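Asker: need a structure here:
(one chain, ligands or ions: 2)
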Amino acid sequence: MDSNTNLLTVEHVSLHFGGTAALSSVSFTVKKGEIRAIIGPNGAGKTSMLNCISGFYRPQEGSITYRGTDLTKTATPKIAALGLARTFQNIALYTGLSTLDNLMAARHIHMKQSSLASMIYWGAAQREEVAHREKVEEIIDFLEIAQIRKAVVGALPYGLRKRVELGRALALEPDILLLDEPMAGMNVEEKEDMARFILDIHERRGTTIVLIEHDMGLVMDISDRVVVLDFGIKIGDGTPDEVKDNADVVKAYLGEG
Ligand SMILES: Nc1ncnc2c1ncn2[C@@H]1O[C@H](COP(=O)(O)OP(=O)(O)O)[C@@H](O)[C@H]1O
Ligand SMILES: [Mg+2]
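Answerer: Ligands and ions are numbered 1, 2, ... in the order given. Reported below is the predicted structural model:
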């Protein structure tokens with residue numbers, strides 16, 4: 001695939017809950033290797049869009065094509081196995097487990113040998129376990145969370161929990177990383193750290209990133225292209241500079257709160 005290939009193609013996706021239209025015929029593409037932001041005021045439909053991509057919500061209309069597969073018709077666990085991993089707006093970790101165990105669990109859920117096979121081929125399972133452990137330790141080093149590897153995540157400060165959640169998504173070694181407001185609720189320093197990790201993942205692994213963010217300023221610095229949603233409708237799509245000067249976008253943000 002060259003760098004102009006669309007890895008993800010969202011076409012006319014509509015999602016409603018009763019009378020609420022969370023998404024109205026939204027279309028956009030994500031190119032391989034880009035950092036693609038989805039921004040918009042609260043309630044714009046950003047999380048709903050990400051939920052449609054990851055198979056948590058099923059849109060009533062439209063398609064989302066990834067490497068020839070329509071994700072709207074693909075079972076949710078299969079979507080993760082195809083190489084898409086996500087984080088949640090509200091952290092979803094095993095709060096009673098350590099950092100290390102949360103990352104190991106991610107690898108086991110998606111890559112385990114069948115339990116029968118691991119009983120028969122005990123040696124192979126052991127080698128697999130060692131390989132998982134090495135990968136997880138590498139991610140822990142990369143995210144600079146070695147000092148909390150044994151800490152129970154429920155007891156960690158918010159910013160660190162967010163980082164562990166990113167680590168869990170990375171443990172799946174995804175081709176596309178879907179991040180739902182990874183910097184929300186963080187102080188300036190934590191936000192800068194998180195932005196640096198996102199850029200590093202992108203640079204080192206070539207991971208394609210779909211980044212949802214409420215704060216317009218933040219994403220403008222790090223994203224290649226931006227989709228702007230407002231009340232479930234796409235009102236802008238382009239480079240940060242193009243989007244910044246779009247009158248509809250300015251209005252949507254000024255009209256807020
Ligand atoms: N599970 C749901 N049930 C009912 N309404 C929902 C659900 N999820 C989202 N919505 C509605 O869809 C709209 C978009 O929400 P959301 O995608 O969370 O926006 P954002 O992430 O941009 O803040 C909102 O009006 C919200 O109330
Ligand atoms: Mg949201």
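Asker: Distance check, the residue lying closest to K78 once chain neighbours are set aside against E134.
Answerer: Nearest in space to K78, with sequence neighbours left out and distances taken as Cβ to Cβ, 6 or more residues apart in numbering, is G55 at 8.0 Å. The C-beta positions use only the backbone N, C-alpha and C, and glycine is treated the same way. Between G55 and E134 the distance is 29 Å, computed by Cβ to Cβ, to the nearest Å.
Asker: Show me which of these two is the more surrounded one.
Answerer: Neighbours per residue (other Cβ atoms under 10 Å) separate G55 from E134, with G55 holding more: 21 against 10.
Asker: hang on, the more buried one in a helix?
Answerer: No - checked against DSSP: H, G, I helix; E, B strand; the rest coil, G55 lies outside a helix; its state is coil.
Asker: Surely it and D70 touch.
Answerer: No - counting by Cβ atoms under 8 Å, G55 does not reach D70; the two are 10.9 Å apart.
Asker: Below-threshold pLDDT in the protein: ranges please.
Answerer: 1-4, 109-123, 254-257 (pLDDT under 70).
Asker: Contact residues of it facing ligand 1?
Answerer: Proximity of the chain to ligand 1, by Cβ under 6 Å from any ligand atom, involves residues F17, T20, A22, G40, N42, G43, A44, G45, K46, T47, S48.
Asker: So the second one versus ligand 2, what's the distance?
Answerer: When you say that, I think you mean T20. 14 Å (Cβ to the ion, to the nearest Å).
Asker: what does this protein have sitting close to ligand 2?
Answerer: K46, T47, Q89 (Cβ under 5 Å from the ion).
Asker: May I have the secondary structure class of the last one?
Answerer: Assigned state for Q89: coil (three-state reduction, three-state DSSP).
Asker: now it, nearest residue through space, not along the chain?
Answerer: D180 is the one closest to Q89 (Cβ to Cβ, 6+ apart), at 4.4 Å.
Asker: where does the one you found fall, phi/psi-wise?
Answerer: Here is the backbone geometry of D180 (degrees, to the nearest 10): phi -100, psi 100.
Asker: in the sheet, who's paired with it?
Answerer: Judged by DSSP bridges, the bridge partners of D180 are I212.
Asker: next one: D237
Answerer: V227.
Asker: burial of the closest residue to ligand 1 within the stretch 51-200 of the chain, as a residue count?
Answerer: Per Cβ to the nearest ligand atom, Q89 is where the stretch 51-200 of the chain lies closest to ligand 1, at 6.7 Å. As a burial measure, Q89 scores 16 neighbours (other Cβ under 10 Å).
Asker: any idea how far it is from R107?
Answerer: From Q89 to R107 the distance is 24 Å (Cβ to Cβ).
Asker: for this protein, what spans make up the strands?
Answerer: 6-17, 20-31, 35-39, 61-66, 69-70, 84-86, 176-180, 208-213, 225-230, 233-238 (DSSP state E).
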